[in-house]
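**Q** No sequence on hand, only this structure:
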DNA sequence: GTCAATTTTTGTCCAGGACAAACGTGCCCA
DNA sequence: TGGGCACGTTTGTCCTGGACAAAAATTGAC
């Protein structure tokens, strides 16, 4: 990969790129001797790209539940071995991946027009629900994988995101606005700027005929709480990508839970929660979109029972 | 509003909610004597909601360019006065704003369904070009104004953005992919996360029949450069909202200009440039979308002359 | 008025100490 | 086998207070 030479990064740049706090970076240096950044003329840390890269890798492995002591001091090769053994190890059959492969090929070739028409055809052929659950969800994984392997550049990933977003909105726009229960407000918490997960959820809700209000990304907790109450929704749906740290996300979820009235449920979606250990009272975790219909059915069963008794 | 009684917030919680870094919070306390949090049994800061609220207000005012020294030490009432007085001053004529007023009214009422249908009707009636130039552009201003006057909440602004984005994408999706010159690649630079300007530009380009590739928001300069050359576009279009600092933006523009081959033009759009003094060689500034057709015509005239002589 | 130089303001960085919450381990008991 | 409890270890966040660079405001010269 002919990457142009990037300058060394400041500590706040590294914090932004890896999600590791400045404090953490400094204390690792003190305790484990890594990262060991250069210093500028003024004694401030300058992290070479090589170290940033390793930190990114470590950060990802941490999210899988590995301990820092085993990672931070380890040589790069050991980390790569771990990274690939752990996730790629789940030897998946190539499955019916023709749609996926074609998409990836168009993307690799920077073929924007081809991509647009390909996705559009896929949407028409599969219908919105299967487009989202069977295709888009898997495609996101493939693209993320290809990116982390260096097979796709950032701009290609952006191109993909943009086109996919376009198709999803086309699909959602074509559905008739629903009115069924539960009324859902969709958004993401501050720091989570990925729209795709949100749109995929919105599509799944739309095909269920649900009344669904999306606020887009990054709504502060107190705003979510106020808006949910004023709109009279029954569920607040939040999307989380793996870019966010689970710990941070949990903290924000707890905070939101404390602000919302009890009778409003929180549905927290995204692959981020796949490795979650603890539960959180009053929050429903949805790790895969294909679980959504089940969750909705559960809610409706409960709601119907409730309204039978009281209405 | 029956807000549940919230516990005092830790410093990291305040950082999350106000966007002010821990360092900033601590140094304000040292310098200005505010915020002055309680301490828990272990000496750690605990911010009462009242202080958090004031910090949020300060944070907003800072974004408008006010200085911390005048805000942090000031009493709450003075801040509130400032917040309301500062922006409302530019008493402008109401102009032919029926569409605008209705939109604002629906937004104020949190009427999502009404908003959706209203915008959709407006798009159908005006057509994509006039929808963007005559309506969306003005509406954005109105919404921003209403927000800064405290008439709209963040969540209402999000609701507006989301719905508008939806309509724009519907409109763009309905246009036939163009192939006319110049080929344009659209994106924003890192730090600029507003999509709406980008989509409005994309719509204007689409109705001109232009081949237009959007990479979405926040593409690093080196990626833009590489992608532009691989895609063979003739123009890189960038959108800038007023959220970005002009100085920072200019610096990034210069950097991008240095990376791009000379024959690829840069078109920099957005209200941010309205107060620009200096010019930047090789960069065309477009402060209002209605100038875009003219710029395109200029380019084509130039291009045609050029291709007559060489082709 | 415009531009450059200077002063003030302001946020980020640093070091190194402290500690609580999370985590792992070993043990007991059902 | 598995669930609960006590114990040591790991780990991230918080603390203080000093320093300084970048940004903004001010001054001064032309």
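**A** Sure thing, it's come through. Please read these numbers as outputs of a predicted model, since none were measured by experiment. Residues are numbered from 1 along each chain as shown, chains lettered A, B, ... in the order given.

**Q** Could I get the full set of strands for chain A?
**A** A:38-39, A:45-46, A:180-187, A:210-214, A:235-239, A:265-269, A:283-286 (DSSP state E).

**Q** what's the closest of these to residue A:109?
**A** Residue A:109 sits nearest to strand A:235-239 of all those, at 29.9 Å, using CB to CB. Glycine gets a C-beta too; all of them are placed from N, C-alpha and C.

**Q** Please work out which residues outside that closest one touch it.
**A** A:182-189, A:192, A:194, A:197-198, A:201, A:205, A:224, A:228, A:253, A:256, A:260, A:264-270, A:299 (CB atoms under 8 Å, 6 or more residues apart in numbering or on different chains).

**Q** What pairs with it, parallel or antiparallel?
**A** According to DSSP bridges, strand A:235-239 has the following sheet partners: strand A:180-187 (parallel), strand A:265-269 (parallel).

**Q** Off-centre distance for the longest one?
**A** Centroid separation between strand A:180-187 and its chain, computed with CA atoms, centre = their mean, to the nearest Å, is 20 Å.

**Q** Name the residues of that strand that come out as buried.
**A** Neighbour counts using 16 or more other CB atoms under 10 Å in any protein chain shown place A:181-187 of strand A:180-187 among the buried residues.

**Q** Distance to residue B:211 and pLDDT added to the residues you listed, as TSV?
**A** Output for those, formatted as TSV (distance: CB to CB, whole Å; pLDDT from 0 to 100):
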residue	distance to residue B:211	pLDDT
A:181	45	82
A:182	44	90
A:183	42	93
A:184	38	96
A:185	38	97
A:186	33	97
A:187	34	96
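
**Q** which among those residues gets closest to residue A:23?
**A** Residue A:23 lies nearest to residue A:187 out of those, by CB to CB, at 29.2 Å.

**Q** For the closest one, name its beta-bridge partners.
**A** Applying DSSP bridges, one finds that residue A:187 bridges with residue A:238.

**Q** Please see if stretch A:244-254 touches DNA strand C.
**A** No. On the criterion CB under 7 Å from any atom of the strand, stretch A:244-254 is out of touch with DNA strand C, staying 8.0 Å away.

**Q** Could you list the buried residues of stretch A:266-277?
**A** Per 16+ other CB under 10 Å, stretch A:266-277 contains these buried residues: A:266-273.

**Q** ugh, typo on my part, it should be stretch A:64-78
**A** Buried, per 16+ other CB under 10 Å, within stretch A:64-78: A:66, A:68, A:71-72, A:74.

**Q** From residue A:270, how far out is the spatially most central residue of chain A?
**A** By CA atoms, centre = their mean, the mean C-alpha position of chain A lies nearest to residue A:241, the distance being 1.2 Å. According to CB to CB, to the nearest Å, residue A:241 and residue A:270 sit 6 Å apart.

**Q** Find the residues that touch each one of those two.
**A** residue A:197.

**Q** Residue A:62 versus the residue of chain A found nearest DNA strand D, what's the distance?
**A** Closest residue of chain A to DNA strand D, CB to the nearest atom of the strand: residue A:69 (2.8 Å). With distances taken as CB to CB, residue A:69 is found 11 Å from residue A:62.

**Q** Find residues that contact each of those two.
**A** With CB under 8 Å, 6+ apart, residue A:69 and residue A:62 have no common neighbours.

**Q** Residue A:234: what's its closest spatial neighbour, skipping adjacent residues?
**A** Take residue A:234 and drop its neighbours on the chain: the residue closest to it by CB to CB, 6 or more residues apart in numbering or on different chains is residue A:182, 3.8 Å away.

**Q** give the contact list for that neighbour.
**A** Listed by CB under 8 Å, 6+ apart, the contact set of residue A:182 reads A:210, A:233-235, A:265, A:296, A:299-300, A:303.

**Q** Lowest-confidence one in the residues you listed?
**A** Among those, residue A:303 has the lowest pLDDT, at 70.

**Q** quick one: buried residues of the helix or strand of chain A with the lowest mean pLDDT?
**A** In chain A, the helix or strand scored least confidently by mean pLDDT, DSSP states H and E is helix A:76-87, which has a mean of 74. The neighbour-count check on helix A:76-87 (16+ other CB under 10 Å) flags A:79, A:82-83 as buried.

**Q** same question, stretch A:202-211
**A** If you call a residue buried by 16+ other CB under 10 Å, then stretch A:202-211 has these buried ones: A:202-208, A:210-211.

**Q** what's in contact with it?
**A** Residues from elsewhere that reach stretch A:202-211 (CB under 8 Å, 6+ apart): A:128-129, A:131-133, A:168, A:171-172, A:175, A:177-184, A:186, A:212, A:214, A:233, A:237, A:289, A:292-293, A:296.
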